[in-house]
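**Q** Got a sequence here, can you build the structure:
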Amino acid sequence: MIRLNLTTEPRWIDLLPGLMIRVAPITTSIMAAARSDVSLDTLDIDAPKEVLAVAMAQAVARMVITEWSGVGDAEGIDLPVTPEGIDALLNIWPVFEAFQEKALGPHLVLDAEKNASAPSPNGTTAGATDIAQPAPDAASPALPG
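**A** Purely as a prediction, here's the structure:
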């Protein structure tokens with residue numbers, strides 16, 4: 001079952017202790033626009049998928065983060081939300097992981113409710129593959145260990 005959340009209001013997300021971001025809803029339009037972000041054009045065609053994941057997350061974040069709390073400069077002075085600040089924030093590994101999980105994750109994966117186990121093939125051994133070596137019988141000498 002797909003559960004639709006028709007709320008169009010921004011929401012606060014606790015990313016890490018002391019760090020919160022306010023994000024606009026991540027819609028199909030946002031994801032499509034992020035794919036067209038000019039920062040993705042500068043990536044090497046052979047760049048690892050992890051590099052693409054960070055660039056894509058930054059592109060989305062620049063479009064949806066409207067406020068934050070707990071982001072300051074080297075002296076601890078609160079910083080305003082800026083595209084450069086968002087990129088710098090997501091270059092911090094735990095922040096990137098939390099953003100992926102808490103902000104993007106619910107929009108990237110549709111998880112159908114699962115109320116039962118997957119069906120198994122009929123028969124006692126139909127779904128199993130024997131991978132164990134047979135045990136030596138009592139008359140055979142034990143194998144060296």
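**Q** for the protein, what's the longest helix?
**A** helix 49-64 (DSSP state H).
**Q** Mind pulling the model confidence for the residue lying closest to residue 91 once chain neighbours are set aside?
**A** Nearest residue to residue 91 in three dimensions, chain neighbours excluded: residue 54, at 7.5 Å (C-beta to C-beta, 6 or more residues apart in numbering). For the C-beta atoms, the positions are set from N, CA and C on the backbone; glycine is no exception. Note on residue 54: pLDDT of 90.
**Q** quick one: residue 54 and residue 90 touch, right?
**A** Yes: counting by C-beta atoms under 8 Å, residue 54 sits close enough to residue 90 to count as a contact (6.8 Å).
**Q** who has more neighbours, those two?
**A** Using other C-beta atoms under 10 Å as the criterion, residue 54 and residue 90 rank with residue 90 on top: 23 against 19.
**Q** ok, now which ones touch that one?
**A** Shown in contact with residue 90 (C-beta atoms under 8 Å, 6 or more residues apart in numbering): 54, 57-58, 61, 96, 99.
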